[in-house]
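Participant: Next comes the sequence, and after it the predicted model I'd like to discuss.
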Amino acid sequence: MKKFAHSMESPAAPSVQRNWWVYVVLILVCLVNFVPYLWVVMTGFMDGASASSATPAWFFTPSLEAFHYLIVEKDIMKNFFNSVIVSLASTFFSVTIGMFCAYALARYDFTGRDDVSFWVLTNRMMPPVAVLIPIFVTFQTAGLLDTLAGLILLYTAMQLPFVVWMLTGYFRDIPRRYEESAMVDGDTWFSAFRKVTLPLMMPSITATSIFVMILSWNEFAFATFLTSTQAKTMPPAIMAYSIGADIRWNVLGAAVVLITAPLILFVLLLQRQLISGLSQGVVRK
Amino acid sequence: MADIEINSLMKQFGTFKAVDDVNITVNDGEFVFLLGPSGCGKTTTLRMIAGLEMPSSGRIAIDGRNVTFLRPRYRNVGMVFQDYGLYRHLTVFGNIAYPLEVRRLGRAEIASKVEAVARTMQITEVLQRKPDQLSAGQLQRVAIARMLVRDADVFLMDEPMSHLDAQLRGQMRAELRHIQKTVGVTTIFVTHDQLEAMTMADRIIVMKDGEMLQFATPREIFERPATEFVATFVGEPQMNILDARLIRLEGRIVAMTEHFAVPLDTDWAESNGLVARLETPVRVGIRPEHIAIREKPDADHRIVAELYSFEPTGAENLYVLQCGSVMVTTRSSTTETAHLSKQEGSSLAVRFDPNWIYLFDPATGRTIAQAAGSDVSKEDI
């Protein structure tokens, strides 16, 4: 037995190389990404003088001056909650409506289906700012200016194409057999959809929701033009409070901390869902 | 348990007729097979019975109740899909329990029913696993268990064995047939595998291009095929088909091929009205087991052929012979042909058993004359 032992082995595999330069590249990428952010966060904790001094300082006495200004004087938390409401609501509506559109596109063969799919896609091709003026006028007429409902409506409409486009592909990956089998087993179409298709779609839906939510959270152009006092969201608020005659760097830094913190927490908590959702349909037999 | 009655069922996709004028009456407890090549409309027919596809016209009745346009849930049919249709987010238990949960049965009742059916299908030990942890054979068992667990009136199976390897398929055939007979539920089984249909069916429906060619017992399908297509589709190796003309030679009617004459039984030829078809082209069919071979030609074995290839299968030997420009396959037991040459290129003498010759119409494909040797029609089917 021993005699054959060496011949039973497969030919020596090349030894795993420790590619140190991969780590160098990774560290460089991390630096390029994180140092500016770190700098912004640091600026947020500086006082006005050190933030705008000509020689940047790595070491300084932390100050909550900028946060105090934003939260107490300017009441930025109101804008913060406006943002929360608008992005949650628009995500909920766009994903719910988009899910059914995507389902129809994926499952039913109707005349003009490909045209509809293509039209949905082309909606993303146009820069949104191109329709800013018509939308402004429409909002004015409809009395939607400076209302949360207006923003929710607009963001839902803006995100729908993306949601439909993402989810259609994921729905196509789920064999129709699952629903058919549930229907033969005695279910209605809707409960088959709810109990069989939706659980299978959950990771994809979560991933899509996260994307949509981030896009709504960060939306700047429309929020700037369509809101003033009541419904102003974070991005235009930051602009308004930190940039006047001159740029107040520490206020800008503090505002950036406030606007990015929820996103970072959110992604840290859901990163596993996010990754598995994105790779849905790839790793499957 | 119920009978199924299907009248002039038709399904059209655009201009394409997937199923055309299908009429079937399946008796209570019968095991019926829909057999045909892919794209012949057998799966569409099954899906219409399940309610997953709505017919363009026609009528489907289960147990005397018209269900033609009812949704699947109002039909009480159980179904096994080709790729099983198991939910991969549920355990095996959850999968089997699903139809019971839909019917809002109590927990204890569900558990006891699932366990009972799991015992029957021998999958008790995998009840807590997810489908992606199971082998193809186990998946198949789970899918059948899910169909068995509820009291369906009719079972429908859409090529459930196509993903199994040959050995497992052989086992499953016997098992499925046994289960179907024990449970006694009317079952329609779709397959393109003639062996599956021949071995398991009470009756077989052969379909081609959306049309029903024949609906009969396996034996009748095999011995008295309605068309040339049916004749060649069942049986392995398939029936030999030769192009010939009917002529009168030395006082008797023979089928004259390009290179040799196939003598026919005189009484049989007369009773089948072949005299009227003299000088017209026919297609001669004969199964491999009805061709006898000898080393040297004699009075009976007149046709001389060259051995093209020799295929031993164990108990039987297949000889593929070249007679002029046509290939003919014969099958005989290994002991019978032990003394014959197995060398490719050697010459052998051949006899076509006149009792087992079929004649087909080359234009319509219909059978002109069934083999004289078949006594299946005298049997009580």
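Facilitator: Thanks, I have it.

Participant: Roughly how far does B:Ala226 sit from chain A?
Facilitator: Remark: distance between B:Ala226 and chain A (Cβ to the nearest Cβ, to the nearest Å) = 32 Å. All C-beta atoms are positioned from the backbone trio N, CA, C, and that covers glycine.

Participant: Verify the contact between that residue and B:Leu213 for me.
Facilitator: Yes: here B:Ala226 lies in contact with B:Leu213, judged by Cβ atoms under 8 Å, at a distance of 5.7 Å.

Participant: More neighbours: the two, which one.
Facilitator: B:Leu213 (22 against 19; other Cβ atoms under 10 Å in any protein chain shown).

Participant: re the thing from before, what is in contact with B:Ala226 and B:Leu213 at once?
Facilitator: Residues touching both B:Ala226 and B:Leu213 by Cβ atoms under 8 Å, 6 or more residues apart in numbering or on different chains: B:Val206.

Participant: tell me which strands and helices the helix ranked longest in chain A is in contact with?
Facilitator: In terms of residue count, the longest helix belonging to chain A (DSSP state H) is helix A:76-107. Here helix A:76-107 touches helix A:113-122, helix A:148-173, helix A:198-218, helix A:234-242, helix A:249-278, going by 3 or more Cβ pairs under 8 Å, 6 or more residues apart in numbering or on different chains; DSSP states H and E.

Participant: Switch the ones you listed over to TSV; also include distance to B:Asp21.
Facilitator: Listed next are these as TSV, based on distance: least, Cβ to Cβ, whole Å:
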stretch	distance to B:Asp21
helix A:113-122	31
helix A:148-173	34
helix A:198-218	39
helix A:234-242	67
helix A:249-278	49
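
Participant: could you dump the ones you listed to TSV with mean neighbour count, distance to chain B and mean pLDDT?
Facilitator: Converted to TSV, these look like this (neighbours: other Cβ atoms under 10 Å in any protein chain shown; distance: least, Cβ to the nearest Cβ, whole Å; pLDDT from 0 to 100):
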stretch	mean neighbour count	distance to chain B	mean pLDDT
helix A:113-122	13	15	86
helix A:148-173	21	12	92
helix A:198-218	20	5	89
helix A:234-242	21	37	89
helix A:249-278	17	13	82
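
Participant: Quick check: which of the ones you listed is nearest to B:Val114?
Facilitator: Closest approach to B:Val114 among these is made by helix A:198-218 (19.8 Å; Cβ to Cβ).

Participant: now for that closest one, which elements pack on it?
Facilitator: With contacts taken as 3+ Cβ pairs under 8 Å, 6+ apart, helix A:198-218 sits against helix A:76-107, helix A:148-173, helix A:249-278.

Participant: Give me the angle between the shortest one and helix A:113-122.
Facilitator: Read it as helix A:148-173. For helix A:148-173 against helix A:113-122, the angle by axes from the mean of the first three to the mean of the last three Cα atoms, to 10 degrees is 130 degrees.

Participant: Spatially nearest residue to A:Thr229, not counting backbone neighbours?
Facilitator: Nearest non-adjacent residue to A:Thr229, counting by Cβ to Cβ, 6 or more residues apart in numbering or on different chains: A:Asp146, 6.6 Å away.

Participant: I meant to write A:Val251 there.
Facilitator: Residue nearest to A:Val251 in three dimensions, not counting chain neighbours: A:Ser242, with 4.2 Å by Cβ to Cβ, 6+ apart.

Participant: Kindly report the same for B:Asn76.
Facilitator: In space, B:Asn76 is closest to B:Asp153, 4.8 Å off (Cβ to Cβ, 6+ apart).
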